[in-house]
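In: pasting the structure only:
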């Protein structure tokens, strides 16, 4: 009787079995990002402004340069409000004699220097007599009626009262305009 050897067949069968994949994790994270676009309502402001110089106890004032709201929403009811607020002005330190608080910074928008589109454009403070402190957000300009694309520009004035005990130096602050 002849015996057959099956060992080579078993080895051949094991050699042809594919390797198994690594075990899958029970969960996995994917970081997903996207951008929510804002409407076509923008505001353009001067990058910087130098009001000049004055002495302690005096008031310094000057126009900031043109601020423009551009509304390209083409909406049936295209109204908006531009706001303005100020930080403190200081020399880079928080020493009380080197800080001018926002309540000493006043603003008035004046009348529009240019408008496009239809509707009612309303200055927040048409004259110096209407000026407001920038220690909280204030309405700088608004569009209260009308439709379609539009724009408004104005050249606001800042007036800063320098405290009697202010230290001499170059003071910096930020006036922020926004629109919604």
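Out: Arrived safely. Remember, it's a predicted structure, so these values are computed and weren't measured experimentally. Numbering: from 1, shown residues only.
In: Just the helices from the chain, written as ranges.
Out: 7-15 (DSSP state H).
In: how about low-confidence regions in it?
Out: 1-25, 31, 33-39 (pLDDT under 70).
In: so who does the nearest residue to residue 85 once chain neighbours are set aside touch?
Out: Distances taken as CB to CB, 6 or more residues apart in numbering place residue 137 nearest to residue 85, at 4.5 Å, with adjacent residues excluded. Every C-beta, even on glycine, is put in place using the N, C-alpha and C of the backbone. By CB atoms under 8 Å, 6 or more residues apart in numbering, the residues touching residue 137 are 83, 84, 85.
In: now these in JSON lines, with neighbour count and distance to residue 109?
Out: Putting the contacts of residue 137 into JSON lines (neighbours: other CB atoms under 10 Å; distance: CB to CB, whole Å) gives the following:
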{"residue": "83", "neighbour count": "18", "distance to residue 109": "11"}
{"residue": "84", "neighbour count": "24", "distance to residue 109": "8"}
{"residue": "85", "neighbour count": "18", "distance to residue 109": "14"}
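In: how about the nearest residue to the residue minimising distance to the centre of the chain, chain neighbours excluded?
Out: Centre of the chain computed as the mean C-alpha position; nearest residue by CA atoms, centre = their mean is residue 178, 6.7 Å away. Spatial nearest neighbour of residue 178, excluding adjacent residues (CB to CB, 6+ apart): residue 83 at 5.3 Å.
In: Dig out what the one you found forms beta bridges with.
Out: In this entry, residue 83 is beta-bridged to residue 139, residue 178, by DSSP bridges.
In: try residue 157
Out: Counting by DSSP bridges, the residues bridging with residue 157 are residue 63, residue 108.
In: Adjust the sequence numbering to begin at 57 for everything that follows.
Out: Right, with 57 as the first residue, what we last looked at is residue 213.
In: That one - how many residues pack around it?
Out: 19 (other CB atoms under 10 Å).
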